[in-house]
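Engineer: A structural model of the following input is requested.
(one chain, ligands or ions: 1)
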Amino acid sequence: MRKYVIMGVQGSGKGTQSALLAKDLDLVHISVGDIFRWNVQKHTKLGAQVRRTMNAGNLVSDDLVEAVVRDRLGMHDWNFGFIIDGFPRNARQAEFFMESYDIDGVINLEMPDDEVRRRVLSRRLCPRCGMDYNLIADRPEEEGRCDICGTPLVVRDDDTPEALAARLRDYHEQTRPVLELFRRKEYVYDIDARPAQDEVQQQIRKALNLPS
Ligand code: AMP
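Structural biologist: This next block holds a predicted model:
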């Protein structure tokens with residue numbers, strides 16, 4: 001059983017790297033942001049509660065986040081383990097998490113803010129199947145359309161310059177201290193997130209002592 005946390009500012013490739021690792025190791029990939037986005041899209045009660053906060057790039061309240069994480073992990077469908085992405089994002093969430101679960105490693109994807117801005121502002125999403133694209137590194141074959149289902153691509157509501165600035169601020173003020181907390185427990189593996197996807201994945205596997 002493997003339990004990993006993946007951290008890094010938005011646009012550092014957390015989603016992509018988690019998905020690659022999860023697929024090969026049979027881990028359940030849990031993205032708190034994806035759970036919220038699904039709820040917003042499906043117009044659930046939770047979606048209505050978080051939509052405005054998310055679109056402004058601000059953090060959702062700890063109570064809601066903890067309930068979502070507790071429910072998701074409570075499904076116990078993670079026989080081989082899980083990789084959780086986008087959580088914990090502040091000290092309180094980290095404490096809640098460490099009280100309930102032991103962690104095998106924290107993957108820290110490092111990327112300078114300038115590069116984050118460049119990448120995030122060129123990010124596109126398929127609203128139908130959830131596939132991510134990037135106009136710099138990972139363009140769709142046909143401009144503006146999803147390679148898988150052909151749906152027109154959209155910009156995530158929270159990928160505006162203003163929302164990104166708020167997310168970067170929260171990351172530096174609230175999420176970085178969490179990393180220091182984990183660092184003291186010697187859980188953290190620092191990974192340079194700037195190279196190509198495959199290379200970053202190889203770096204992660206090497207750090208975690210996993211087969212490449
Ligand atoms: P992400 O996809 O991880 O960038 O998350 C998208 C948005 O969901 C964030 O900007 C927050 O509004 C919300 N969110 C996701 N995870 C958390 C968390 N751990 N704590 C608070 N808000 C979160």
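Engineer: quick one: the helices in the chain?
Structural biologist: Assigned by DSSP state H, the helices in the chain fall at 14-25, 32-41, 45-55, 62-74, 91-100, 113-120, 161-170, 176-184, 197-207.
Engineer: list the contacts of the residue nearest to Arg156 when sequence neighbours are not counted.
Structural biologist: Distances taken as C-beta to C-beta, 6 or more residues apart in numbering put Leu125 closest to Arg156, at 5.3 Å, once the chain neighbours are dropped. For the C-beta atoms, the positions are set from N, CA and C on the backbone; glycine is no exception. By C-beta atoms under 8 Å, 6 or more residues apart in numbering, the contact list for Leu125 reads 131-133, 153-156.
Engineer: what's the burial count for Arg70?
Structural biologist: Number of residues near Arg70 (other C-beta atoms under 10 Å) recorded here: 11.
Engineer: what of Arg205?
Structural biologist: Arg205, neighbours per other C-beta under 10 Å, totals 16.
Engineer: got a pLDDT number for the residue nearest to Arg156?
Structural biologist: On pLDDT, Leu125 comes in at 92.
Engineer: likewise for the one 3 residues further on?
Structural biologist: Arg128 is assigned a predicted lDDT (pLDDT) of 91.
Engineer: got a list of what the nearest residue to it once chain neighbours are set aside touches?
Structural biologist: Among residues not flanking Arg128 along the chain, Thr151 sits closest, at 4.1 Å (C-beta to C-beta, 6+ apart). Thr151 is in contact with 126-129, 145, counting by C-beta under 8 Å, 6+ apart.
Engineer: thinking again about what came up before, for the ligand, see how far away the residue nearest to Arg156 is.
Structural biologist: Going from Leu125 to the ligand by C-beta to the nearest ligand atom, to the nearest Å gives 11 Å.
Engineer: one step back: most neighbours of all the contacts of Leu125, which one?
Structural biologist: Leu153 (21 neighbours).
Engineer: so which residue of this protein comes closest to the ligand?
Structural biologist: Nearest residue of the chain to the ligand, counting by C-beta to the nearest ligand atom: Gly33, 2.1 Å away.
Engineer: is Ala22 in contact with Ile84, as I believe?
Structural biologist: No - counting by C-beta atoms under 8 Å, Ala22 stays clear of Ile84, with 10.4 Å between them.
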